[in-house]
Structures are given as structure tokens and as C-alpha cells.
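**Student:** Below are the sequence and a predicted model; questions follow.
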Amino acid sequence: MKKTRSFSKIILAVFAVFLLSMPFVSPAPAATTMVLTPSTQTVDPGDTFTVDIVVTPDRAIAGVQFDINWNPDLLEFDGWTEGDLLNQDPPGCGTFVAIMGGLYQEQGFIDGLAGVVLGSGCEVSGPGIYVTLTFTAEAAGISPLVLSDVIVGDLTGTEVPSTVTSGDVVITGTSIYINHLGIDDQGNDYFPQEQAQELYCTGAASGLQALRFFDDSYSWPGQVDLYNTYHTGTPGEDMNESDLAWMLTDQTNQNPDTARYNFIGFSDSDQDHAIKRMIYWIDYEVPDVAETNAPAHVPTDGSYSNNWKTVRGFVSNKDPWVDWQMPSDLEFYGAWLNDPKATGMGYNVYQTGDEFRNIYQATEGSWCYVAEPPQDVDMDELDAALDSINITYVESKPDQELASALDAKKDLDVSSGFVAMSRVSKSKIDIEPKEIEEVFKEVNWDKVIPVELYTSPDFINIYSQSRLSGAMNVIDLESGEDYDLILFSQSKVENTASVALMVKGETGTFRQASWSLEDQKYLAEEEALKIAQNALGFAKKAIEIKHGEIKPLPVEPVEPIEDWKIRLIWDKGYNQSRFRPIYEVSVSGGTVYVLQDGSFILAGQ
């Protein structure tokens, strides 16, 4: 649970060397680092253990501050001791370290563990342990240890750039297996990024990600050239599984260092069998190559067109592949995906096992995918072994506090679904930040977010720098059901987010998450309305949308239309990520679909 910080200005008056309540600034590439060490450890219930908060300055500093969250159902905080970081200066300098905002044991939260170097001209520049935290493990599970609101200051009280690495602790009794491709030990994501250059190139873009992952020196003229070389169907249609498997195998086999890869395009009549194959083939280690695990590639939402995604890993209850032995049962917790049609939010995605099963729909009557299976084995025998395995799909638990908060937020949203303009005074994401914080103050996000996602350093390093910034209700026109997006921003700039959680509003159940290194803008309802009004008043035809390349449309302001209706929707026909829903604006003169990048489409054109 995150509390609103309100540190006393007395601290500033007494210790002018360090600003305790300055606004957060996004970290720069070269920066002081704060790392929770060890990042992961395993303990037994009842064990007492410690973690160090290690700071490595890239310049002289005079003060440090952070918040930390943990799962209070699993851990009890016992106390802290000061380390050697702030005690490096000559005699005559002192230190002051204290919890300034409060310890919230029941919520699993320390608000502002702040420390400064005392004395005229006193500062430190060498690495050291800021504090050591002590916990006791209470029950089996995985608890994140999330550092946030990190502020490092210099002698003048100016905040210096910093980066943060959080961690987690595994209390035995929990069985979890993670295979996440392209993430190093520091949480850096080195898996190549590829956005589709054309709507029919998601297959080529997904495959190009893998080719560059296997060989970082790989070069090819581009996605369109790969498409033209290996696509066998009607021009303008996306690749099918046979095209993509041919492309991957042919391209890897041209390099002796990657020639051991051998991809196959599968088409299964049984969804369970298709998902089991994907999981096992991702976990299979290809011999004599630099990257021993190969991603899988799947078309989602029942169509090849603009729907290929790269499956970069999975989470299960046990290792599915150990010395050619397979367990008799498998719990599929979730999967990491990259979506080539998305830029920013919606590109990096984690889905629960149940959610993946829902969006992985049959294409032309079969569940299609491309994967790298073991070579020189009897595939019939291997398939028979897979058939004997029972797979279950894990769904996150409902969260009543989140469901209640989303229900309460409806009272703040004057607009919900289709409404008349005369009733609207605030946008869904124009609500004041303090109002948002108040509505969601009882929500413990550590319980909402699946524990396996907390073990993903690429996610947690961004999430720990972010703050709740809003929530949006979206109508899924494919399923007819609503979903809610919970937005978190690093910069605190209005209507931006670098982390979004997709949840079922009525139950508060987590479904998916997406994250981006930088905040991405979301249109406010008022902005969407103005775009739609201008479009209906002056635009003669819809503009062409090509991945953010928008031609400015000269428009003039018009008088407000009193009879408009507006709602946020997701419709796969508009080729958008679920994390980037569009506004549907209807008036007597027609309907306009306004995309999050500010472009629009007139209905019927």
C-alpha cells in the first residue's frame, strides 16, 4: 500500500544539505544506483533474514531516501541498521537516518527511510551499504521487496539522477518456475524490439525479433523484404505459420552459428495440446548455440492479420523439461509476450495463463504457432507424452478492495459508457490526482499484481519508479465485456503512463500488464471530443494511419455539439493494442473513432 508523502519541512530547515520532498525526476542513463542485495533469496518459514540497500554514487552525495513495500501476509519487518555509506567523511561529520513518513506493518510499507550527512561541506562519494533491513518469513510464498520514491541528493540539496533495482524473497513451500528470454541478471531487457512496418508485417516483425536475438549481428534489408521473400499467400495478407517457420529456419541455417535451429509451423485442433507444445518447446535447450531457448510465435484473436506475437517466456509450477522427463501435471501461471503492432504501451505484455488461453483463439479452425522442437526424436512418441500431461490455466485471485475502489470511482466519473455532453464535467482520466489516490488508498497493489510478475526485473524496475495516475473503463466490443486499465506514471505528468494493469472491474482480478521505459500519453476525454468535433465539422475523409506518422489536418474550432455521446472501446478491427483503447464519439452528424495518438477515423470511410 502506498501512502501519500508529506514530510515535515523542519527537516529541510535543520538539514539544508538535502531536499526531502522534491518532485520525482525520471532517471538518466548514467546515474547513481540503488540496489537491493541480494536481489533474490530463498528462506524457510520462521527464518529471519536481511537485505542490504547498496548505493553506488556516480558523484558526491549528501543524502538518500526511499520507500519500500513487501507482502505483509508473508513477511514481518523486524528493523533496520545503518550501514557505512554515509560514514565515509573525515571526523567532524555525522549522520542522521530515520523513518520519516512512518512504518505501516499491516500494509507492508515503510514511508521515507531518509538519511543525510551532517556537517559543513560533508559528503560521500564511495559505494556502500545505506541500511540493512531485517525481516522474518511468516508463510510460504513469494514476496516482492519493491524500492520506490528513491531520492538521492547532493550537498546543495539538488536531486541527482538515480536508478533502482528491487528484489524478492522466496519462502519455501512455493513452487514456481520462470523461463523469461532476453533478461539479464540486472534486469536489462536485451531482447530485440521490432515494430511492424506495415499492417501485414507482424509475422515478419515477430520473426525478425527472434533472428536478431539469436545473432545480434544479424542484418537484413527489412521486414517487407522478408515478407516478400517468404510469404506465399495473397499480397497484403500477413504470413501464416508455414511462411514464418520457413523464414526462421532458412535464415538461421545460413549462419553456421545458428544452423542448429529448426522451426516448424504447427496447426493443432486442440488448444491444450498447442499450448503444452509451446511451453515445452520454449523450455527445450537447443545445443551448440548462444541462446539455447527459442521464443514461440502465435497469431492471436482468431486471425493472422496484424496479430502475430512473440512468446518470450512463461511461468509454471515446475520445470516442464528436465533431462527429457516431463511432469504429469502442469499449472500455467502466465506468459510474456511482445506485440509488434504496438509502440510503447502494449508492446511488452504479461498475461495470466487464463488470459493467454482467452486471447489465443483458433485461426481458420486451428490453433496455429511456430516453435523450435527437439530434433532427432520420435515426434509421435513425444506428442503422446504431451497428451498425458494435465494442464491447468491459473487465473489471478479477485481483489475486493480494488473492485470496491473501481466501483467508487464511477461516482467520480460523470461519464461512464455512452453519456450526453451536458452531463459531463470531467474526463475519465481528468480526475484530480488527489481524488484518485483517495479512491484507491485501501488497495494493496502487491496483492493485485501476481507474484511472478514481481520477479520480472524489467517490469519491477519501471513499476517501482511509478505512481498511480488514473483508471479507464473500456468496453471490449469483441467479448462485450468491460475491462479497466489502471495507469501508473513515472513523470507524474497528467494523462501519462509507463505501467498499465488490465483488470476485471467487477472482481478486481488481474488479467494483463504492460510497461514501457518512458511515459506514454493518453488522450483525455475532452481532447478526444474536440478532435471528433473538428473532424465532423471539417474533415472530408479519414486520414491514413501508419504507426504514428500522422499528417496534420487543418481545422478550425467549432461550437460545442450538445448531443454527443462518447465511450472508450477496444475493437480488433482498428488494429490497436488493448492497452491503447480508442474513443468512439457519436453525434447526429456521424461517428468518429479517435485514436490515442490523436488521429481519427470517420465511420464508414
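**Tutor:** Received the coordinates, thanks.
**Student:** How about the secondary structure of Leu487?
**Tutor:** strand (DSSP: H, G, I helix; E, B strand; the rest coil).
**Student:** I'd guessed it sits against Tyr522; true?
**Tutor:** Yes. Contact criterion CB atoms under 8 Å: Leu487 and Tyr522 qualify, at 6.9 Å. Where you see a C-beta, it was placed from the backbone N, CA and C, and this is true even at glycine.
**Student:** got any residues that touch both of those two?
**Tutor:** 429, 470, 472, 496-497 (CB atoms under 8 Å, 6 or more residues apart in numbering).
**Student:** Just the ones in strands from those, please.
**Tutor:** 470, 472, 496-497 (DSSP state E).
**Student:** now, among those, which is nearest to Gly182?
**Tutor:** Ala497 (23.2 Å; CB to CB).
**Student:** Number of residues surrounding that closest one?
**Tutor:** 30 (other CB atoms under 10 Å).
**Student:** tell me the contacts of it?
**Tutor:** By CB under 8 Å, 6+ apart, the contact set of Ala497 is 345, 466, 469-470, 487-489, 519-520, 522.
**Student:** Provide the secondary structure category for Val315.
**Tutor:** strand.
**Student:** surely it meets Ser175?
**Tutor:** No. Judged on CB under 8 Å, Val315 makes no contact with Ser175 at a distance of 11.1 Å.
**Student:** the more surrounded of those two?
**Tutor:** Neighbours per residue (other CB under 10 Å) separate Val315 from Ser175, with Val315 holding more: 26 against 11.
**Student:** Next, Arg357: secondary structure please.
**Tutor:** Three-state call for Arg357 (three-state DSSP): helix.
**Student:** show me the residues around it that make contact.
**Tutor:** 271, 275, 393.
**Student:** Repeat that for Glu123.
**Tutor:** Glu123 sits in contact with 17, 60-62, 89, 117, 154-155, where contact means CB under 8 Å, 6+ apart.
**Student:** on that earlier part again, among the contacts of Arg357, which one has the most neighbours?
**Tutor:** Busiest of the contacts of Arg357 [other CB under 10 Å] is Ile275, holding 26 neighbours.
**Student:** now that one: how far from Gly153?
**Tutor:** According to CB to CB, to the nearest Å, Ile275 stands 50 Å off from Gly153.
**Student:** Check for me that Asp84 belongs to a helix.
**Tutor:** No. The assignment for Asp84 by three-state DSSP gives coil, which leaves it out of any helix.
**Student:** ranges for the helices of the stretch 201-350 of the chain?
**Tutor:** Under the criterion DSSP state H, counting those that start in this stretch, the stretch 201-350 of the chain contains helices at 202-214, 223-230, 241-253, 271-283.
**Student:** Same question for the chain.
**Tutor:** For the chain, the helices defined by DSSP state H occupy 10-14, 202-214, 223-230, 241-253, 271-283, 353-359, 379-387, 400-412, 433-439, 445-448, 451-454, 457-463, 525-538.
**Student:** which of those helices sits most buried?
**Tutor:** helix 202-214 (a mean of 26; mean count of other CB atoms under 10 Å).
**Student:** For the ones in strands among the shared contacts of Leu487 and Tyr522, which two are the farthest from each other?
**Tutor:** Met472 and Thr496 (12.7 Å).
**Student:** any common contacting residues for those two?
**Tutor:** Shared contacts of Met472 and Thr496, defined by CB under 8 Å, 6+ apart, comprise 487, 522.
**Student:** Tell me where the model's unsure across the protein.
**Tutor:** By pLDDT under 70, the low-scoring segments of the chain are 1-30, 173-174, 323-324, 411-434, 538-562, 575, 589, 604-605.
**Student:** distance of the closest residue to Gly46 other than its chain neighbours from Lys441?
**Tutor:** Nearest residue to Gly46 in three dimensions, chain neighbours excluded: Ala137, at 6.5 Å (CB to CB, 6 or more residues apart in numbering). The gap separating Ala137 from Lys441 is 28 Å, by CB to CB.
**Student:** And Arg212, by the same measure?
**Tutor:** Arg212 is 44 Å from Lys441, by CB to CB.
**Student:** Could you do Leu226 as well?
**Tutor:** Leu226 is 50 Å from Lys441, by CB to CB.
**Student:** what does Tyr393 give?
**Tutor:** Taking CB to CB, one finds Tyr393 at 33 Å from Lys441.
**Student:** cool, Asn240 as well?
**Tutor:** According to CB to CB, Asn240 stands 50 Å off from Lys441.
**Student:** Among the contacts of Arg357, which one lies nearest to Ser162?
**Tutor:** Closest approach to Ser162 among these (CB to CB): Tyr393, at 39.4 Å.
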